[in-house]
Structures are given as C-alpha cells and as structure tokens.
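Generate coordinates for the sequence data below:
(chains A, B and C)
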Amino acid sequence: MDPSYLLQLNPQQREAVCNNDAPSLVIAGAGSGKTRVLTTKIAYLMDVVGIRPENIMALTFTNKAAMEMKQRIASMVGAQSAMRITMGTFHSVFARILRREYSHIGFSSNFTIYDTDDSKALIKDILKAKQLDEKKQYKPASVLSRISLAKNQLIVPEKYPLSYAHADQACSMGAISDIYKEYQERLRKANAMDFDDLLLQTWLLFHDHPQVSEQYQDFYHYILVDEYQDTNYAQHQIVLQLTRKRQNICVVGDDAQSIYSFRGAEISNILHFQEAYQGSRLFKLEQNYRSTQTIVDAANSLIRHNSNQIPKQIFSRNQTGCPIEVFHTYSDVDEASTIARYLSNLHIREHMPYSDMAILYRTNPQSRSLEEEFRRRGIPYRIYGGMSFYQRKEIKDAIAYLRLCVNPHDETALHRIINYPTRGIGNTTIDRVWQAASTHNVSPWQVVEQASAYGFSSASAKRLTAFATLIQTFRQEMSEGMDVATLMLRILSQSGFQADIFRGSTPEDLTRQQNLQELTDSINTFVQERQEQGLPSGASDYLQEVSLLTDQDDDKTEADSDRITLMTVHASKGLEFKTVCVAGLEENLFPNQMDADNPSRLEEERRLFYVAMTRAGEHLILTCARSRMRYGHVEFSDPCRFLDEINPSYLHINGRMGGGRSLSPSTSSIRRSNPLGRTSATTGNFSSQPRMTASPTEGTANRSLSARKLTPTRHFTSSFTSSQPLSPSVGNKEKVSSIQPGQKIVHERFGPGIVEKVEGTGMDARATVSFESAGKKQLLLRFARFTVL
DNA sequence: CACGTCACTGTTTTT
DNA sequence: CAGTGACGTG
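Numbering: from 1, shown residues only, chains lettered A, B, ... in the order given. Model (predicted):
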C-alpha cells in the first residue's frame, strides 16, 4: 500500500515523512536529503493521509528553492495536483494573501512592492525633508536596517519608542522613531509596501481580524516550512497564527547552517521550536550522502566548538576520501596561483570537469585576484552573484513607468522618471512638487496632475501637465486591456526612453541596449505564456510576478559551459560541488573582524565555515594568505582560528611558513592525492618580504575563454520594434481546426508533447497538452506557438 | 544640464 | 583600489 517513493528513503527519513500526527521538527544535516524528505512528505500527505493539495501550504526562502520543490513534487504527484498547492516564498505567498484581503488593511489590491533601493530612496527623501544629516548620522542604509529590524519584531511605529528609543539615543539616532512613522505614512500614501511589510501586514491582518485568521487556519490543513533556521520573529509568529487551530506543521532546517542572523534570522526559532509547539516530535536526518567521511568528520570536529546547537551525529557511509588540503601562502596573488594550479591539475590529470569545482570566499572583493589569475591562465570561470538584472538603472527606469501606470501614487517610481528622459523638469520643480504634496497632504502624482492649481509657474506647470498626460494616456490604454508587452513598447517609444538609450554606441551603451532588449524579450515571453494559458497579461499582472523575483532564479546559468564557480559562502548554501576550495582563511577576514570578539557572532562565522566545508563532495582545499590587498593597502594576517579547530588528523598541511600558528612541523610527505604532486611552491622566509610567485610558465593565456559576461555580442540597432509579433500567429487558424487528442506537437518553449484534450471551438479553443519535460499545460490555441507533427 | 573633480567609505544578502 | 555621491564650472 505504501507508495513506492517511500522505498527510496532511509529509516530516519521515512520516520520524518510518515509521522504526521504531531508538530514535527526535522533537523536535516548538510547533504542529508532534506528536499527529498520535504517533497516526499507532501506527496505522502496527499496520497496516504488524504489531504487535498489546495489545503497544503509550503513555505521557502528563495524562489529557487520554491521552484525546485514545485518541480520535484510535480514529478511525484503530477503537475495538476502540484499546481494546487500553495507553495512559494514567505513573501510571495503572503503578498498573494494581502492582495486578496486588501480591504481589511487599507491598501488597494494593486499595491506596489518596494525593493531595498526604493525604500532607501524614500528614506533619503524623508531625511532631506527633516533636514537630518544623511551622510554620517543617519545613513539611509542603517536607518532602513533599524526600521527593518523593528518590523521583523512586529513593532509598529506607535510602539517603537517604547522598545528602541533608548538604544537609538545611545547611538545618537534619536530621530529614527519619527522617521519610521513618516516612512510608514508615506508608504501607505503611495499604496506601497516594502519587503518587511509583507510580513508585518500579514501578521497585523491575522491579529486584527480574527475571523480572517480563522478562515485561513481552517483552509490550510498542513503547513511546511523549509530552512526554518532562517526564519525571523515575524515569520515565526505568522506561522504560529496559521497553525493555531490544527497544529499541523512540519519545519525542516539545520541549526548548524543558520548564517543569516545579520538580516534578522533567529536561530532560537528552531532551537526552541519544541517549546512553541507542545507535544512536538523531533526527527534527525544524520546520514550525509554528499561528502566523504573525512569531510564530514572534519566538519563535525569544527562545529563541535559551538555550544548553542541541537545535538546530532552527522555521519557518512561514503568513502573515506583524501585528506583536506591546507595551503599556507604568502599573498592573495600567491593564493590564487596555488588554487589555479591545483584545480587545473585536477582537471587535466583526473579529468574532473571545471563545473564540478567551486571556490568560496567570505567577501566579494576576494574574487578579484582569483579572476586575474584565471584569466591569465585561460581557466574558464564564472562569478555567481553580483548585480541583479532587475537592479540595473535602465531596467528599473523602464519598470518604473509600468509601476506608475499601475499605481500613480507610487512616489518612488514617479521620482525616478519624472525627468527621465530629460523633459525640462529640473530639481527645483521636483522639490516643489514634493513640498506641495506634503503641505496639502496629497501624493506627488496628484500635484503633477493638477500642477496649475498648486501655483507652479506656467512653464513648469505646462511641462508637468504634459508628463501627466503622457502617463494618463498609457493608463488609459492599459485599462482598455492592452497587454504589458505592447504597453512597454508604447512607453519606450512615446516617452523618448528608447531614443535616449539607443543614441550612443560605447560598450556601456550597447550593454544598456542589450539589457533593455532582454527586458522586452522577457516581457514578451511573459505575455505569450499567460495568454496561452488564458491568464491576464496586463502591466499589474506582470509587476506582481516580477517584483518578488530576482534573476538568481531564472538562471539556467549556462549549465552547458564547463567553468569553475566563484562565489561567497553565503551564496553557496544549498549547493554542492565535488571539489571545493575555501579561500582567505585568515583572522580579520574569516571570521570577519567585526564578529571575532562577540561570542554569538563568532559562532555564526563558525557555522558559515561549516557550510563552506560541507559543500564539498570529494576534495576540500583550504587556503590562507599571509598578506592581502585590501582597500588599496597590503594587510597582514594570521591564519584563521578555525583551521586550528579542525581535528588535524583530517588535514594535510602544505607550505612552510615562518611564524604561523597552524604550522605542521614537517611537510615532507608528498601525497599522491595532491594533484600538485608536490608541496606548495611557497618556500622561503616569510619575514623578509612577501614574494609574488605567479608562475608565467604555466598555462599560456587563452583569451577566448575570458568569462566576462557583460560584453555585448550582438548589436541592437533599431531591432526594437521588430521583436516578435505579439498578436496571434496568423498560421494558427488551420492548425487549430485540425488539432485533436493524441496528436504530437512541438511547442516553441515547452518542447514536444501530446495533446490530451481539446475543448471549445474557434477563438476559445483550448487544448490540454502533456509535455515531456514541462508537464501538463492548458493552452489557448489561438495564442500558442507550436507546430503539429 | 553635462561633465569633471574631490572626498569618502568600505561584510555577508533574500525578498 | 574602486565605486559613489556631492559640488562646482562651462
């Protein structure tokens, strides 16, 4: 009777999946099959316990995790059922609830979601109006982080002074309370929420409206939360609200991998879960399937130094594997060349693909010396992270137009584009608009709309009105049902945006043009996809989807290319590589100097290092440089204390450095497992002078492999308007009339599939198609792009 | 309004 | 060092 997927689980995993009569806490060690347990449990809840998919809620932290889970569940229970589960990030699931329940909280359903940049811009504006110093005392970023902290603690502006005034005064930021109050009022006037509001407002909704809360408690029979160690207070409290009635909850996480306290995550949520839920059960997944025994044991020996944790015994039944290589090097340059040599030897001698290798570091600037070295040697690499597509100026500007169309009270969007492209509305006029808005207690948009009524000179009033008319035209077209792709093209051409972007031809200009083209392409895809499935495809539909999306998510990441991955340890969480090199293991860098003397922060740094080590499957390399360029100066450091905390019997230490703490007395034993076939080339006396040992003889430069991503490859001339037609494809008529169940088709994006069902006729004909890789989809035939086989 | 110059200031990052 | 933002000049 048990579904076959249970047979793929080990006893611990099966226990965690099959016990559902009490709240459960699943402690999932690194590489222990956490996602498998979570997805199998959902399938089990549906198949065996008999809970309907729409009554299940599954919450994750990232879109990527949500997507992965959706896919895996779809493959177990079918795409149709999987679709009905409420599954997504905390923020996206709650945003959906808030849009539905907007009437209770005094927003309208098309509220805008402000990202961090928008929030900072708003804070800056408030600081300016209050004449507070935004350079030293009230840096927008720190003001925002204080407000964010308060919101994560569910503290509304009225209650703020009670809890924080004292602390604020202590660091001479006594005005934060005022700023917070004003900030919330401005958000509300703009019909906007920031990321933290999505949590705070959800909590308030349930708190202030018990009948609404009850409705959701009734509706959701089972709630699952991934990465519970990363939840903040607000998230924890909302989950408590949602589960009050049924107490059907399963949280999964690993306290040893809690690395986000700096943005409000509270490890205590997972440590004290059993107190929050009486009678809950604890399950531990302790078998690691990812790493060699050496790596697992070494990581255990490190994390043992933390006191604040749930006891567990992570073990591996994989091979013992080779020892962990530790390289002491003279400088960042030396470190980079040591790593490059090691990895390229591994590639050449043991034929390990570069795509199985990663280099992890604590801070982003550390990638520089590595990049330079790799480029010199022609080793292919890619950097993970960096500026998101949606944060680029041209993209934000274009989206600001859409935002303003959907919600003209969105003052941040208005501010971005009121004079972009330049239309003679200078800073003085802009300041006056905002002043007038504040004195008359209206939104800046209302001032722009009625400029002459607010006493602007006739020239300024004329320009403001012209701008208002421009936006109103777009709004009109939008309300008549124009899809977002067409609207975007109209905006770009009518506003002068397109002309401005396509004027220049410097490499930077070309990149901007390419980015804009990429945006319009992705909007086209959005419209196409939504129309095929009979869903609305207007600007507000698009914004709802895109405002909680980061491009880390849609990266198919050129999986085809064989490159070494470079990223921060934080970014590596949840990933794994056969070979991992952790670089920059020096005091003051890892652990960071700001965290070194605070015991609980030090524990977090140690967890961070634990995460780094446990990314590795077979080879783990740890490197440390005695000197490093930082902020343009050479700085010297000692090897990091964590190196001493790992049981030395798992380590193989390379290099003879004078005066280090982590010296191995003799490094004469040359191990076969070391692809360098020798100890580090860094011999000599450290006390004299750091010697750069870049070796130009190895690896001749191969320019073609340069991994720079932003170099435009195509020249986008006026191809803008000639992008793919959005109207129904002309040839569809015959195809539509001829299509019938059983037929094979190839869809432009979903690939090959079989028609299962055809409903309706003519314009409204729909087909249910089962695709080989994309699962079942409903297609509106008049829009679908496909060929019949 | 566009561009050059100077001072400043540096974690980790998702939504 | 490098990126940002403020300010001043043509």
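
drop to CA atoms for contacts and neighbour counts, all remaining ones
Fine.

Does anything pack onto the longest helix anywhere in chain A? Which helices or strands?
Longest helix of chain A, by residue count under DSSP state H: helix A:507-532. Contacts defined by 3 or more CA pairs under 8 Å, 6 or more residues apart in numbering; DSSP states H and E place helix A:507-532 against helix A:393-406, helix A:484-494, helix A:497-501, strand A:775-780.

Next, count neighbours for whatever residue of the stretch 501-650 of chain A ends up closest to DNA strand B.
Nearest residue of the stretch 501-650 of chain A to DNA strand B (CA to the nearest atom of the strand) works out as A:Y631 at 3.9 Å. When neighbours are defined as other CA atoms under 10 Å, A:Y631 has 8 of them.

again, but for A:Q229
26.

check contacts around it.
Contacts of A:Q229 were listed using CA atoms under 8 Å, 6 or more residues apart in numbering, and they are A:253-255, A:257-258, A:265-270.

Could you pull out the buried residues of stretch A:65-75?
A:65-67, A:69-74 (16 or more other CA atoms under 10 Å).

Turn the residues you listed into a markdown table, including distance to A:R317 and secondary structure.
What follows is the buried residues of stretch A:65-75, written out as a markdown table (distance: CA to CA, whole Å; DSSP: H, G, I helix; E, B strand; the rest coil):
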| residue | distance to A:R317 | secondary structure |
| --- | --- | --- |
| A:A65 | 27 | helix |
| A:A66 | 29 | helix |
| A:M67 | 30 | helix |
| A:M69 | 26 | helix |
| A:K70 | 30 | helix |
| A:Q71 | 29 | helix |
| A:R72 | 25 | helix |
| A:I73 | 27 | helix |
| A:A74 | 30 | helix |
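
so how far does stretch A:51-59 reach from one end to the other?
Separation of the first and last residues of stretch A:51-59 by CA to CA, to the nearest Å is 17 Å.

give me the residue from chain A nearest DNA strand B.
Closest contact between chain A and DNA strand B, by CA to the nearest atom of the strand, is at A:T62 (3.0 Å).

Select, out of the helices and strands packed on helix A:507-532, the one closest to A:T422.
Set against A:T422 and scored by CA to CA, these come closest in helix A:497-501, at 9.3 Å.

Any buried residues in the closest one, and which?
Neighbour-count burial for helix A:497-501 [16+ other CA under 10 Å]: A:497-498, A:501.

Dump the residues you listed into TSV; add distance to A:G174 as well.
Below are the buried residues of helix A:497-501 laid out as TSV (distance: CA to CA, whole Å):
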residue	distance to A:G174
A:F497	42
A:Q498	45
A:I501	43
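
Show me which of those residues is closest to A:R368.
Using CA to CA, these come closest to A:R368 at A:I501, 30.3 Å.

dump the residue contacts of that closest one.
Contacts of A:I501 (CA under 8 Å, 6+ apart): A:509, A:512-513.

which outside residues touch stretch A:590-601?
Stretch A:590-601 is contacted from outside by A:362, A:584, A:587-588, A:602, A:605-606, A:640, using CA under 8 Å, 6+ apart.

Now for those: which two are most distant?
Largest separation among the contacts of stretch A:590-601 by CA to CA: A:G584 and A:L602, giving 16.6 Å.

Name the residues of the longest strand anywhere in chain A that come out as buried.
Ordering each strand of chain A by length in residues (DSSP state E) puts strand A:616-630 first. Buried residues in strand A:616-630, defined by neighbour count with 16+ other CA under 10 Å: A:616-628.

Stretch A:116-126 now?
Quick answer for stretch A:116-126 (16+ other CA under 10 Å): A:118-126.

How about A:W434: what's its closest non-neighbour residue?
In space, not counting the residues next to it along the chain, A:W434 is nearest to A:P444; the distance is 5.6 Å by CA to CA, 6 or more residues apart in numbering.

any idea how far A:L404 is from that neighbour?
The gap separating A:P444 from A:L404 is 12 Å, by CA to CA.

quick one on the thing from earlier: could I get the average pLDDT for the longest helix of chain A?
The pLDDT scores in helix A:507-532 average 89.

could you point out which element follows the helix or strand hosting A:R186?
A:R186 is part of helix A:176-189, with elements assigned from DSSP states H and E. Where DSSP H and E defines the elements, the next helix or strand beyond helix A:176-189 is strand A:192-194.

what about that following strand, near DNA strand B?
No. For strand A:192-194, no contact with DNA strand B is found by CA under 7 Å from any atom of the strand; the gap never falls below 8.1 Å.

picking up where we left off before, please convert the buried residues of stretch A:65-75 to a markdown table, extending it with pLDDT.
Listed next are the buried residues of stretch A:65-75 as a markdown table, based on pLDDT from 0 to 100:
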| residue | pLDDT |
| --- | --- |
| A:A65 | 90 |
| A:A66 | 91 |
| A:M67 | 90 |
| A:M69 | 93 |
| A:K70 | 91 |
| A:Q71 | 92 |
| A:R72 | 92 |
| A:I73 | 93 |
| A:A74 | 93 |
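
now those residues as JSON lines including distance to A:P741?
Below are those laid out as JSON lines (distance: CA to CA, whole Å):
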{"residue": "A:A65", "distance to A:P741": "35"}
{"residue": "A:A66", "distance to A:P741": "32"}
{"residue": "A:M67", "distance to A:P741": "30"}
{"residue": "A:M69", "distance to A:P741": "30"}
{"residue": "A:K70", "distance to A:P741": "27"}
{"residue": "A:Q71", "distance to A:P741": "25"}
{"residue": "A:R72", "distance to A:P741": "27"}
{"residue": "A:I73", "distance to A:P741": "26"}
{"residue": "A:A74", "distance to A:P741": "22"}
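
Farthest from the middle of chain A: give me that residue.
Here the centre of chain A is the reference, and by CA atoms, centre = their mean the most remote residue is A:S458, at 47.1 Å.

give me every residue that touches that residue.
A:S458 is in contact with A:S452, counting by CA under 8 Å, 6+ apart.

now do 10 Å
Listed by CA atoms under 10 Å, 6 or more residues apart in numbering, the contact partners of A:S458 are A:451-452, A:464.

Tell me the one of these nearest A:D562?
When the contacts of A:S458 are compared for distance to A:D562 (CA to CA), A:L464 wins out at 53.0 Å.

pLDDT at the residue nearest to that closest one when sequence neighbours are not counted, what is it?
Of all residues not flanking A:L464 in the chain, A:V448 sits nearest, at 5.6 Å (CA to CA, 6+ apart). A:V448 is assigned 94 on the pLDDT scale.

A:V448 is in what secondary structure piece?
Here A:V448 is assigned to helix A:444-449, by DSSP H and E.

and that helix, what does it pack onto?
Packing contacts for helix A:444-449, counted by 3 or more CA pairs under 10 Å, 6 or more residues apart in numbering; DSSP states H and E, involve helix A:411-417, helix A:427-439, helix A:458-479.

got JSON lines for these, with distance to DNA strand B and mean pLDDT too?
Formatted as JSON lines, these follow (distance: least, CA to the nearest atom of the strand, whole Å; pLDDT from 0 to 100):
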{"stretch": "helix A:411-417", "distance to DNA strand B": "12", "mean pLDDT": "92"}
{"stretch": "helix A:427-439", "distance to DNA strand B": "6", "mean pLDDT": "88"}
{"stretch": "helix A:458-479", "distance to DNA strand B": "11", "mean pLDDT": "93"}
